[in-house]
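[1] Sequence and predicted structure, then a few things I'm wondering about:
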Amino acid sequence: MRHRLIPYGFLLLLFVSISGFSQQKQRFQNLQQALRANGQLAGSQGPASVNWIDGGTRFSFIDQNVIKSFSPKDQREEVVFDGSRLKLPGTDQAFTYESFQWSKDSKNLLFQTNFRPVWRRSGISDYYVYAVAAKSLKLVAKDAQTAELSPDGSKIGYERDGNLFVFDFASQQETQLTNDAAPSLYNGRFGWAYEEEFGLAQAWEWSPDSKFIAYWQIDERPVPIYAMTDYKGFDENFVKLPYPRVGDPNPKARIGVVELATKKAQWMKVDLNDGYIPRIYWTSQEGQLAVVHLNRKQNHLKLFFANARTGDARQIMEETSNAWIDVFDFFAGILHYFYFPANSQEFFWVSERDGFAHLYRYDYSGKLLNQVTKGNWEVVIVHNIDAKSKKVYYTSTEQSPLERQLYVVDFDGKNTRKLTQTAGRHKIDFAPNSQYYIDRFSNVMTPTRVELWDTKGKLLKTLEANPGVTQFLSNYAYVPKELTSFTTSDGQKIDISIIKPLDFDPAKKYPIVLDIYGGPGAQSVYNEFSTTGWHQFLAQQGYAVVSVNNRGSGGYGYQFEKVVYEKLGQYESLDFVETAKYLATLPWVDAGRLAIRGHSYGGYMTSYTMLAHPGIFKVSLVGAPVTDWRLYDSIYTERYMGLLPENDAKYEQSAVSPKAKNLQGKMFIAHSTMDENVHVRNTMQLMNALEDAGKDADLRIYPPGAHGVAYNSTSSLLLYQQYTDYLERFLKNGTTN
């Protein structure tokens, strides 16, 4: 094996400046203090809830209960809304809100209040409109799951109880647009599976001219029901939800459009064929809707243009793959890979057809005009497509898979220019007029900074320098991540990060905790500041903490990511084992004291690696694991593992429970009975298999905890205390019982 240290020239100098003399700095007194340090290390992310308004000439943000606006041109800050003394209409109750939207003309604000969560992204809320000029507040939608102002600012659309409504400001009237909702049949709302696995909570879209609303109708009536309980009280009270497992009947979807002038609904004539409609987009042509279709295996995509009034649809383009086709990126928070700029008869699509994710340009006939970006790197997100100047602003991995940098390029692929200046991971909030952007960034040596730039290259204002983080680092011991890489025995370069033990002595031997995730498209290692207090606590207790960008991770191209297709577990676990073997070659690593820990897909990988490669890791900490992909939901699993019964042998190979007899070392498992995502059946089947094999494992059940296992701050502290004590007992001290 070979390894290579990434050449950050000033690493040692900055390591000394941040860490100082650790013995002179405070250490965490206990685990609770360490977990609270997450926020102190993350610091402020700058202006909260940024909305670009007035076409991008200003942005608004929340400061306490006050909404302010800021003009980049003259750096003028104004108060737009002060809710500190505002009461809910007709009550003495103080007005508070979760989020807000602006009308396009910046005359009205739509506030989301009284949020009650449903699933990961969705919830039920009450929506109020605030007229900026009149300073008046009015309830317009109660108990709605989603709501949005029309682009022209004249109406509000919302979904309630599975039907769609609009409220008109001029008439002060509510109009119901659909009326055929039924149990498990929704208009403008997704069920659990679509919301979880295609990333959207709002299942309807205003047209740009405010004339139409397009919506999904989701029929979950054929889908099997999953029931779960937290076992409280004396009655058997179960929460039930439609949940399609691999091979089960899927939710049925069709796309309807209502023209507001006529109140007439029309179904788009796109056949589902046991597939999915994961995305819809309004094009720049009046009354024309783009409908994206995926087959059930999610390796064949078709794009249709449909007439909103007649429903007639024609296929514009298609894409096939030997693996799966992505329509969004859950881990990067990227919702879309199709882009339809206004005032243009062109659209753009991010495809991996040349081996890396790049941007392609089409006309409305479906003709490919040109490939906009090219190279052995990936376009991660497109921030803005400026049809007037014919420029695209995007973030990519061109600098490094460990970094995210902002670039601009002409439509024809020429004149590429890098806009961000500092090494690290940049998260961009881009103005729609292409003149300004807010840049939130950090690197391994720099806590988060937030800056306002213009696209000509001028720094306009530092919005957040996080002096509080700097002060915290001056008082408390801190160990930065080190970025390095090695080459596996089969020739694959793997990037990893290492947080070494505090007061590191290269002459000593240290235990290792491999903290992993590993799922397709995810990425664990970036050139960014480490803000995990538990990792720092472990470093203070004498552990090294390692993370891995294993095969299957995003950011490295098609072959690196898609090699795991229909082989979940195989390459990821190989890379974790190869990481362990590489670490064992380092003189300061105790190869007999290696632990692996992960949650969700990381829980799957932790248990799979422990059992498929026995004897490598002494301890495993397993959170909410999938133990057999046939128990998980159809949309996610079939995307990566294919269909049954044709792939039954591959599903068997990827399962954890059949390998239970191989357990060596100690295994700790935590799960919740109210986990609607990864059902506790997974853990119970693994425990049954371990017991049948005469193997001992330690199980902790947190009944009400959902997918996160812990369900409040007290249970979270308990869970991490159990993890930490388990490492102390069985890894660090080496006891066996």
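    Looks like it came in fine.
[2] And the helices in the stretch 401-550 of the chain, which stretches?
    Using DSSP state H, counting those that start in this stretch, the helices found in the stretch 401-550 of the chain span residues 467-475, 533-540.
[3] CSV please, covering those helices and showing mean pLDDT.
    Converted to CSV, the helices of the stretch 401-550 of the chain look like this (pLDDT from 0 to 100):
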stretch, mean pLDDT
helix 467-475, 96
helix 533-540, 98
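[4] okay, those helices in JSON lines with mean neighbour count next?
    The C-beta positions use only the backbone N, C-alpha and C, and glycine is treated the same way. JSON lines is the format used below for the helices of the stretch 401-550 of the chain (neighbours: other C-beta atoms under 10 Å):
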{"stretch": "helix 467-475", "mean neighbour count": "15"}
{"stretch": "helix 533-540", "mean neighbour count": "23"}
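[5] now those helices as a markdown table including distance to residue 371?
    Conversion of the helices of the stretch 401-550 of the chain to a markdown table gives the following (distance: least, C-beta to C-beta, whole Å):
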| stretch | distance to residue 371 |
| --- | --- |
| helix 467-475 | 41 |
| helix 533-540 | 41 |
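[6] Out of those, which gets nearest to residue 584?
    Among these, the nearest to residue 584 by C-beta to C-beta is helix 533-540 (19.0 Å).
[7] Could I have the CA atoms of that closest one written out in PDB?
    Extracted in PDB, the C-alpha atoms of helix 533-540 (Å, rounded to 0.1, in the frame of the first residue of the first chain):
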ATOM      1  CA  GLY A 533     -17.700  17.700  19.700                       C
ATOM      2  CA  TRP A 534     -17.800  13.900  20.300                       C
ATOM      3  CA  HIS A 535     -14.800  13.500  18.000                       C
ATOM      4  CA  GLN A 536     -12.900  16.100  20.000                       C
ATOM      5  CA  PHE A 537     -13.900  14.400  23.200                       C
ATOM      6  CA  LEU A 538     -12.600  11.000  21.900                       C
ATOM      7  CA  ALA A 539      -9.400  12.700  20.900                       C
ATOM      8  CA  GLN A 540      -9.100  14.000  24.500                       C
END
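[8] what's it in contact with?
    When contacts are defined by C-beta atoms under 8 Å, 6 or more residues apart in numbering, helix 533-540 is touched by residues 27-28, 31, 34-38, 40-41, 477-479, 499-502, 513, 515, 530, 545, 720, 724, 727.
[9] ditto for stretch 159-174
    Applying C-beta under 8 Å, 6+ apart, the external contacts of stretch 159-174 come out as 108, 129, 140-147, 150, 153-158, 175-182, 185-189, 202-204, 213, 215, 258, 260.
[10] Need the buried ones from these selected in PyMOL.
    In PyMOL, this line selects whichever of the contacts of stretch 159-174 come out buried by 16 or more other C-beta atoms under 10 Å:
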select buried, resi 108+129+140+141+144+145+146+147+150+153+154+155+156+157+158+177+178+181+185+186+187+188+189+202+203+204+213+215+258+260
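[11] So which of the contacts of stretch 159-174 belong to strands?
    Here DSSP state E is the test, and the contacts of stretch 159-174 give 108, 129, 140-144, 146-147, 155-158, 175-176, 185-187, 204, 213, 215, 258 as lying in strands.
[12] on that earlier part again, between the helices of the stretch 401-550 of the chain, which one is nearest to residue 665?
    helix 533-540 (18.4 Å).
[13] Dihedrals phi and psi, residue 733?
    phi -90, psi -20 (degrees, to the nearest 10).
[14] Next, count neighbours for it.
    Neighbourhood size, residue 733 [other C-beta atoms under 10 Å]: 10.
[15] how far away is it from residue 511?
    According to C-beta to C-beta, to the nearest Å, residue 733 stands 10 Å off from residue 511.
[16] Same question for residue 279.
    Here residue 279 is placed at a distance of 46 Å from residue 511 (C-beta to C-beta).
[17] swap in residue 542?
    With C-beta to C-beta as the criterion, residue 542 and residue 511 are 7 Å apart.
[18] which neighbours do the two share?
    Contact criterion C-beta under 8 Å, 6+ apart; residues shared by residue 542 and residue 511: residue 732.
[19] More neighbours: which of those two?
    Counted by other C-beta under 10 Å, residue 542 and residue 511 do not tie: residue 511 has more neighbours, with 24 against 15.
[20] wait, what's in contact with that one?
    With C-beta under 8 Å, 6+ apart, residue 511 has these contacts: 542-544, 590, 593-595, 727, 731-732.
[21] Helix, strand, or coil at the closest residue to it other than its chain neighbours?
    In this structure, residue 511 finds its nearest non-sequential neighbour in residue 593, 3.7 Å apart by C-beta to C-beta, 6 or more residues apart in numbering. Here residue 593 is recorded as strand under DSSP: H, G, I helix; E, B strand; the rest coil.
[22] Show the pLDDT at the residue nearest to residue 288 when sequence neighbours are not counted.
    Leaving aside its chain neighbours, residue 288 sits nearest to residue 305 (5.7 Å; criterion: C-beta to C-beta, 6+ apart). If you check residue 305, the pLDDT there is 98.
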